[in-house]
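Chemist: Sequence first, then the predicted structure, then my questions.
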Amino acid sequence: MERPPSVDKLARSLADTGLPHPMLVDAARAAIADGDHTMARHHAEQTARRLLQPVVNATGVLLHTNLGRAPWPAHDAGRYRNLELDLTTGERGSRQSHAPALLARACGAEAAMVVNNCASAVLLILAALARDQGVAVSRSELVEIGGGFRVPDVMEQSGARLVEVGTTNRTRRADFERAVEADGVTLVMQIHQSNYRIVGFTESVTTAELADLGPPLVADIGSGLLDAACPWMPDGPPAWLEGEPAARQTLEAGAELVAFSGDKLLGGPQAGIIAGNADLVRRCGRHPLARALRPGGLVLGALQDLALTYLRRDGMAIPFWRMASLPIDGLQARARALGRGEVVATVATPGGGTLPGVEIPSVGVALDGDHRERLRAAHPPIMARVVEDRTVLDLRTIDPDEDAHVAAVLGSLEDPA
């Protein structure tokens, strides 16, 4: 029987993979233990594939949860930053005074603060403002988000008491009035049905109708649209945004606080934003959970860049809005230039638990058969979808700078003709 090479020698032969030597040693040992040292490179490559890395999104889903939702760069030069330093006074400052203040300005709020996701924002609001108190929520809005997290569960963890009002399909202002009078409700909450729709024999209550009930009104608008007018877009709001609640308009309608995500329609990093009444925001910020849920400097720096972009009204500098507004003729030209597959009409979707049922016309290329495994093996990997036994790559979610890479990888596949 052939004697296997030494672990160290085998590991050193894999140095071109770019992995640190200890990880190459693990790959070498695994291969030798399996009785086939020639598989060491395979083990190393599989290890590398499990690391976080850039991918090409050719799925047509703009906010793909598995791919990190909104693509937004995090610029950091590896230097110290004034995260909690007031440069004017030289005294200790607050990490909530930079990006949050800009986001508040962008959506017309008195104040804002940032936590690590929207579920955290809701948890903090409930814990700070309604612990051991009743919170009225319509039964039609007791949602479950991705990963099995449910609003009633979040509310239970906050210490607040859920008071369900109305029915699954019909809720009226009178239902909330009875809850406020009879159930000791001290907070009213609206939760946007961002990942589903109830249609048919339905009735719901608007923000304006709930604003004067007495208890503070909190609106979890989820998806993170800042302003329904989309002043950052050259041609105004796209038609597919119709009916989507926005932070500015929700606050103007009478909500005391809004909560929303940073990595959905806002187009930035994962974060949760609480915006609205300054006193209520301060109460949230003083709660012990605020420290546990606070984001780090990388997220806050990325959000600051994003907020400044919104305030400059430069929507085309935000990848999500740029991709969503690409004209069909430009997508067709890029698809033809790839030189592979059949140019086909496709339908892109916002994704990320936003705008259920919304479809955005798009263009892609289709190749017969399922080529997803080989596309994922590319460097960087290309994520596509299969429709009716054809592999489809949607150009709307592919950055133009990635077209050359996509063309080269498609060229390495067997000619679909």
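Modeler: On my side now, so go ahead. Just so you know, these numbers come straight off a predicted model, no measurement behind them.
Chemist: low-scoring stretches of the stretch 301-417 of the chain, by residue?
Modeler: Scanning the stretch 301-417 of the chain for pLDDT under 70 picks out the ranges 414-417.
Chemist: all strands for it, in order.
Modeler: Using DSSP state E, counting those that start in this stretch, the strands of the stretch 301-417 of the chain run over 342-348, 360-368, 382-383, 385-387, 390-394.
Chemist: what's the most buried one of the ones you listed?
Modeler: strand 390-394 (a mean of 24; mean count of other Cβ atoms under 10 Å). C-beta coordinates here come from the backbone N, C-alpha and C atoms, glycine included.
Chemist: So residue 162, which state does it fall into?
Modeler: Three-state assignment for residue 162 (DSSP: H, G, I helix; E, B strand; the rest coil): strand.
Chemist: Break down the stretch 301-417 of the chain into its helices, ranges please.
Modeler: 319-324, 328-338, 372-376, 403-412 (DSSP state H, counting those that start in this stretch).
Chemist: Point out the most buried one among those helices.
Modeler: helix 319-324 comes out most buried of these by mean count of other Cβ under 10 Å, with a mean of 20.
Chemist: which residue is nearest the centroid of this structure?
Modeler: residue 263 (3.1 Å; Cα atoms, centre = their mean).
Chemist: circling back to that earlier point, wait, which of the helices of the stretch 301-417 of the chain is closest to residue 11?
Modeler: helix 372-376 (25.8 Å; Cβ to Cβ).
Chemist: Identify the residues contacting the closest one?
Modeler: For helix 372-376, the surrounding residues in contact (Cβ atoms under 8 Å, 6 or more residues apart in numbering) are 58, 381, 382, 383, 384, 385, 386, 391, 409, 412, 413.
Chemist: what about 10 Å?
Modeler: 49, 55-56, 58, 367, 381-386, 391, 393, 406, 409-410, 412-414 (Cβ atoms under 10 Å, 6 or more residues apart in numbering).
Chemist: how about CSV for the helices of the stretch 301-417 of the chain, with distance to residue 62 added?
Modeler: Output for the helices of the stretch 301-417 of the chain, formatted as CSV (distance: least, Cβ to Cβ, whole Å):
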stretch, distance to residue 62
helix 319-324, 6
helix 328-338, 13
helix 372-376, 19
helix 403-412, 17
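Chemist: and of those, who's closest to residue 189?
Modeler: Per Cβ to Cβ, nearest to residue 189 of the helices of the stretch 301-417 of the chain: helix 319-324, 27.1 Å.
Chemist: which helices and strands does the closest one pack with?
Modeler: On a contact count with 3 or more Cβ pairs under 10 Å, 6 or more residues apart in numbering; DSSP states H and E, helix 319-324 meets strand 360-368.
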